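[1] mind looking at a prediction? Sequence and model below.
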Amino acid sequence: MRWVVPPISGAAMPAGLMLRNRLNNAFVDTTEILRLSRNGLARSGLAVARITARAVEPLPGEFAGMIVRFDGNEPRDRTPPSDPATDPLSPGIPNYNFYTVEAVQRIGYDSFTPDDGVLVAMNKDSLRGRNGGPNAFNSFIWVIDAHPEDIRRIDYIKPNGDTTMRTIADYRQLNDALFHAGTDSGSEFEWVDEPNRLHFYVVDLHRDERGIRSYTLAVRSLDGSGPQTRGLALDAPAESSIRTAHTPVTLTLRNTGTSADTEAVLHPQDARAWLNSDVYRLSVRVEGEGWSVRMPNALAAVPFGQSAPVSLFISPGSGEATVTVTATSESDPSRSATVAWSVSR
């Protein structure tokens with residue numbers, strides 16, 4: 001039956017249990033998690049994997065989540081210290097040990113979560129020391145908010161009709177914290193932690209025949225791209241006649257780079273099977289009177305030696321126009337490919 005609030009018929013698990021807590025309570029095993037290290041990513045190159053929504057068992061070939069540990073020299077967490085007394089968005093003393101990345105879908109025990117998407121958080125191994133500030137709060141987990149600005153939602157209405165808004169430090173500010181795939185999702189599709197030298201990507205969203213969601217996720221170090229040779233090529237589409245608004249057009253993006261041997265010990269597990277791709281950033285422009293173009297996803301992850309489709313939607317104007325698409329390797333920005341072609345009504 002559907003999860004009941006309150007659980008008057010009994011319950012096996014609370015809604016919204018985070019990956020760190022599920023691991024500690026043995027609800028998931030480490031074999032179901034892709035475990036990486038910050039220093040390892042600098043030497044191995046970026047990792048790409050698919051993560052299944054946490055309310056179900058991982059789909060074949062996918063994981064229940066991803067972990068990136070802060071290894072290397074002290075301080076492990078290199079986030080600049082900040083004061084929760086003056087900054088309500090401050091995580092306080094920088095004493096976190098690792099990132100977790102997991103996928104949330106409103107099914108099963110997550111039926112009543114406020115959003116679908118990718119949940120990124122910093123975590124502690126233990127409650128060693130408080131987070132600082134006058135309240136000296138403790139937390140195992142600090143969620144990265146894709147929308148850190150004020151959510152601007154009413155908390156309650158007073159008997160006299162006046163409204164009281166949620167405060168900026170209210171935990172319900174995280175109701176829109178999840179990251180989404182694509183350019184028109186209403187949220188962000190990437191997170192850069194400059195002090196800890198990590199870049200996370202939500203590359204794509206997938207649904208199986210039952211509607212179960214999973215995400216292609218990637219993470220790379222800002223301090224190294226690995227021994228692989230990076231390269232790419234774009235093939236122009238066959239479509240040159242655009243007669244209706246939002247006409248779909250597909251290009252082919254090819255990963256022409258080559259893989260390289262990496263050491264199995266660079267990460268907490270042998271992650272070499274997930275180090276054989278590159279992530280590309282895509283952009284598009286159109287030159288022509290009245291013409292417009294939309295690219296639903298600005299990222300693509302392609303394994304070495306393989307190709308992937310790149311989708312556009314073009315709306316016609318008057319006369320002819322030129323559409324230009326550029327793809328650039330995130331691992332090596334000097335590697336780029338551009339293709340341009342003419343379109344007409």
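    Structure's in. What do you need?

[2] tell me what the residue most central in space within the chain is bridged to.
    The C-alpha lying nearest the average C-alpha coordinate of the chain belongs to residue 202 (C-alpha atoms, centre = their mean; 3.0 Å). Beta-bridge partners recorded for residue 202 (DSSP bridges): residue 217.

[3] ok, it to residue 170 distance?
    25 Å (C-beta to C-beta, to the nearest Å). For the C-beta atoms, the positions are set from N, CA and C on the backbone; glycine is no exception.

[4] same question, residue 248
    Distance from residue 248 to residue 170, by C-beta to C-beta: 42 Å.

[5] likewise residue 140?
    Distance check for residue 140 against residue 170: by C-beta to C-beta, it reads 19 Å.

[6] now swap in residue 296 and tell me
    Residue 296 sits at a distance of 33 Å from residue 170 (criterion: C-beta to C-beta).

[7] quick check: pLDDT value at residue 171.
    On pLDDT, residue 171 comes in at 87.

[8] what about it, neighbour count?
    Residues near residue 171, counting by other C-beta atoms under 10 Å, number 9.

[9] one more: residue 150?
    Neighbours around residue 150, by other C-beta under 10 Å: 12.

[10] wouldn't it be in contact with residue 170 here?
    No: using C-beta atoms under 8 Å as the test, residue 150 is too far from residue 170 to be in contact (9.7 Å).

[11] wait, the residue nearest to the centre of the chain touches residue 119, no?
    No: assessed by C-beta under 8 Å, residue 202 is found out of contact with residue 119, at 10.7 Å.

[12] so what sits against both of the two?
    residue 179 (C-beta atoms under 8 Å, 6 or more residues apart in numbering).

[13] now the strands for the stretch 201-345 of the chain?
    Using DSSP state E, counting those that start in this stretch, the strands of the stretch 201-345 of the chain run over 213-221, 233-235, 247-254, 277-287, 292-294, 299-303, 307-315, 320-329, 336-344.

[14] give me the buried positions along the first one.
    Judged by neighbour count (16 or more other C-beta atoms under 10 Å), strand 213-221 contains these buried residues: 213-221.

[15] hmm, back to that, which of residue 248 and residue 170 has more neighbours?
    residue 170 (15 against 11).

[16] and that one, how close does it get to residue 151?
    Applying C-beta to C-beta, the value for residue 170 to residue 151 is 8 Å.

[17] again, but for residue 319
    From residue 319 across to residue 151, the span is 45 Å (C-beta to C-beta).

[18] what about those two, which has more around it?
    The neighbour comparison of residue 319 against residue 151 (other C-beta under 10 Å) goes to residue 151, with 17 against 11.

[19] for stretch 60-77, which residues meet the burial criterion?
    Going by 16+ other C-beta under 10 Å, stretch 60-77 has these buried residues: 62-70, 72, 76-77.

[20] just the buried residues of stretch 24-41, please?
    For stretch 24-41, by 16+ other C-beta under 10 Å, it's 28, 32-41.

[21] ok, now which ones touch the residue with the largest distance to the centre of the chain?
    Going by C-alpha atoms, centre = their mean, the residue of the chain most distant from its centre is residue 160, 43.5 Å out. The contact partners of residue 160, by C-beta under 8 Å, 6+ apart, come to none.

[22] need the three-state assignment for it.
    Assigned with DSSP: H, G, I helix; E, B strand; the rest coil, residue 160 falls in the coil class.

[23] separation between it and residue 248?
    Residue 160 is 54 Å from residue 248, by C-beta to C-beta.

[24] got it, and residue 240?
    Residue 240 sits at a distance of 14 Å from residue 248 (criterion: C-beta to C-beta).

[25] relative to residue 291, how far out is residue 315?
    Separation of residue 315 from residue 291 (C-beta to C-beta) stands at 7 Å.

[26] give me the more crowded residue out of the two.
    Neighbour totals were compared for residue 315 and residue 291, and residue 291 leads with 21 against 15 (other C-beta under 10 Å).

[27] need the per-residue pLDDT for the more buried one.
    Turning to residue 291, the model gives it a pLDDT of 97.

[28] same check on residue 107?
    Per-residue pLDDT puts residue 107 at 92.

[29] what number of residues are in the vicinity of it?
    Around residue 107 there are 18 other residues, counting by other C-beta under 10 Å.

[30] which stretches in the stretch 151-300 of the chain count as helices?
    Using DSSP state H, counting those that start in this stretch, no helices are found in the stretch 151-300 of the chain.

[31] run through the stretch 101-250 of the chain and note the low-pLDDT ranges.
    Counting by pLDDT under 70, the ranges of the stretch 101-250 of the chain that qualify are 128-130, 132-136.

[32] apply 90 and report the result again.
    Applying pLDDT under 90 to the stretch 101-250 of the chain flags residues 108-109, 111-113, 126-140, 169-171, 238-240.

[33] the nearest residue to residue 250 once chain neighbours are set aside - how many residues pack around it?
    The shortest distance from residue 250 to any non-neighbouring residue, by C-beta to C-beta, 6 or more residues apart in numbering, is to residue 309 (5.0 Å). Neighbour count of residue 309, defined by other C-beta under 10 Å: 10.

[34] residue 196 too?
    Residue 196 sits with 20 neighbouring residues when counted by other C-beta under 10 Å.

[35] good, wrapping up.
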